[in-house]
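Trainee: here are the coordinates; sequence isn't available:
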């Protein structure tokens, strides 16, 4: 992809913010639940479960994701001092919420069967329940980003002599030496096979081809990562501090300067 067609750092941060969308989904689900709760007396008990309880739980999941994103963006950068430098671990909470939601939908079929045994007249509820189960199963199987497949290592490591990036599904990190002058060129943001992709292109002085990293689970804003990379490329005298207990304070000072 040509460099001119890549999204900038600021555009990527803006487009990847999902808090507003999650709050909207939560509001829609809550509204549907309230509406069907008001007219529940006209439907069998199975419909009460599928049109009231399920939307309420989905609304809570969406609300949780929206609040989690806002908290994550305002809590500051969570850093860990490790042997290789300052480690930034991925933000994988949304993947757990998504998996839990899928598993919950999968349980709707057995619940519908139980409700059918209690009220045999709710045959359509049985069909609806197993439809929910199929949807949950499909959602769980189609996503590559299940918690069991995500590594437990840092996504970003800022070391005294290199920058390390390990996408969520990669077994090993890619290390780029600071003296190679890494620089973020931009981002490819697209959806393929129902999966959103965040491909970050990073150029280096020694290579004509850019490194491309899938950056889902990014724990900080992209403008923050770009500022950190640019700072340690331009200020080699500060790199040694990354391997000391003073490293987190230096990173904080870089992000809050100016």
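Mentor: Great, that's in hand. These numbers come from a predicted model, not from an experiment. Numbering: from 1, shown residues only.

Trainee: C-alpha only now, for contacts and for neighbours.
Mentor: Noted.

Trainee: in the helix or strand hosting residue 101, what counts as buried?
Mentor: Using DSSP states H and E, residue 101 sits in helix 93-106. Going by neighbour count (16 or more other Cα atoms under 10 Å), the buried part of helix 93-106 is 94-95, 97-99, 101-106.

Trainee: swap in stretch 66-76?
Mentor: 66, 68-69, 72.

Trainee: swap in stretch 132-148?
Mentor: Those would be 132-134, 136-137, 139-140, 145-147, for stretch 132-148 by 16+ other Cα under 10 Å.

Trainee: Let me have the buried residues of stretch 66-76 in TSV, extended by distance to residue 154 and pLDDT.
Mentor: Shown next, in TSV, are the buried residues of stretch 66-76 (distance: Cα to Cα, whole Å; pLDDT from 0 to 100):
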residue	distance to residue 154	pLDDT
66	24	91
68	20	89
69	19	88
72	17	83
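
Trainee: among these, which are in helices?
Mentor: 66, 68-69, 72 (DSSP state H).

Trainee: helix, strand or coil for residue 189?
Mentor: Look at residue 189: counting by DSSP: H, G, I helix; E, B strand; the rest coil, its state is strand.

Trainee: Check residue 86 too.
Mentor: Here residue 86 is strand, with the state taken from three-state DSSP.

Trainee: okay, now the closest residue to residue 169 other than its chain neighbours: neighbour count?
Mentor: Closest residue to residue 169 apart from its sequence neighbours, by Cα to Cα, 6 or more residues apart in numbering: residue 150 at 5.4 Å. Counted with other Cα atoms under 10 Å, the neighbours of residue 150 add up to 18.

Trainee: In this protein, what residue spans correspond to strands?
Mentor: 80-82, 85-88, 156-158, 162-165, 174-177, 183-192, 195-204, 207-214 (DSSP state E).

Trainee: Those strands: which one's closest to residue 20?
Mentor: strand 195-204 (17.1 Å; Cα to Cα).

Trainee: Which residues does that closest one contact?
Mentor: Strand 195-204 is contacted from outside by 143, 180-191, 209-216, using Cα atoms under 8 Å, 6 or more residues apart in numbering.
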